[in-house]
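Trainee: sharing a sequence plus its predicted fold:
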Amino acid sequence: MDARKADRIATAVFWAIGIIALGILAFIVIEIFARGLITAVKPSFFAGKPQALKEGGGVGPMVVSTIYLVVLTMLISFPISVGAAIYLAEFAREGRFTRFIRFCLDSLGTVPSIVFAIFGMTLFLFYLNWRTCLLAGAITMALLNLPVFLRSAEEALRQVPLTYREASMSLGADRWTTVKKIVLPTAMPGIITGTILPLGRIMGESAVVIFTVGVFVRAIPLSPFDPAAPLAGYIWYVQSEAVVPDYRTIVNGGAAILLILLFLINFGTRRLSAYYSKKKSLGG
């Protein structure tokens, strides 16, 4: 087989694989919206209070719980992940210790979420005698997403050209000033983009929510120590218990709202990254 023929066959195969993957994704999105979009856009549903036994309830506290959990988790995980990434990429010497840390991070990234959920429940609910609350879930979620977030932040820092560091130090700046003024701002668009996967995982995670946060509330949570019911856990609860007569409507509408929130957060994150990149390129 000559090179041109092999190239055409490989191109056709990869195009087919890409089209199939996009088709599956489009089918899932269209199916979710077809089943629940009409319910999701009703103000009485996305802003209303849930019902325990009768039909007609909403998911207002669940939407707030989801956003609250995302914000709280990012407040915990972002500084820890970026700080650790700066240490690994800029200050730590390459050796057995750093290779061991990266091996542990990669291993933790493959651990099922149910293991983190049981760990969080054991630590916060049994040993610390907390009740289910947003803070317990946020800390557990931060541990769950730490490997992915840290490794993506480290990779973004390593993508900064070495000449940037050399130019800064040649002008008399020390290592920390170079990292703070040159390396970190340059890598920030990549770090922000790297938050997309952890954000989606936080919003869609149900095991950690079920064991540490809660699955049903009627009041909007105000304190981090209040129990809450993020959408992913509430959808599981309604589907598995099927107590309310219109549980399928709630499940379909909740799934549509969750997908819309994911789209909005991903879009906002990408726009923030693009804005930051443009600002840095203009010298802002």
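Mentor: Structure's in. What do you need?

Trainee: what residue is smack in the middle of this structure?
Mentor: L199 (1.7 Å; Cα atoms, centre = their mean).

Trainee: any idea how far it is from P245?
Mentor: Taking Cβ to Cβ, to the nearest Å as the measure, L199 falls 34 Å from P245. Every C-beta, even on glycine, is put in place using the N, C-alpha and C of the backbone.

Trainee: the residue nearest to the centre of the chain and G57: what is the separation?
Mentor: 27 Å.

Trainee: before we move on, what about G137?
Mentor: With Cβ to Cβ as the criterion, G137 and G57 are 22 Å apart.

Trainee: same check on G204?
Mentor: Noted for G204: a distance of 22 Å to G57, by Cβ to Cβ.

Trainee: which one's more surrounded, those two?
Mentor: Set G204 next to G57 and count neighbours by other Cβ atoms under 10 Å: G57 wins out with 21 against 17.

Trainee: check which helix or strand the more buried one maps to.
Mentor: Assigned by DSSP states H and E, G57 falls within no helix or strand.

Trainee: give the contact list for it.
Mentor: By Cβ atoms under 8 Å, 6 or more residues apart in numbering, the residues touching G57 are G48, K49, P50, Q51, V244, I250.

Trainee: just the buried ones from these?
Mentor: Neighbour-count burial (16 or more other Cβ atoms under 10 Å) applied to the contacts of G57 gives P50, Q51, V244, I250.

Trainee: so who does the third one touch?
Mentor: Yep, that's V244 we're talking about. Residues in contact with V244, defined by Cβ under 8 Å, 6+ apart, are Q51, A52, L53, K54, E55, G57, V238, I250.

Trainee: can you give me the distance of it to A219?
Mentor: Distance, V244 to A219, using Cβ to Cβ: 18 Å.
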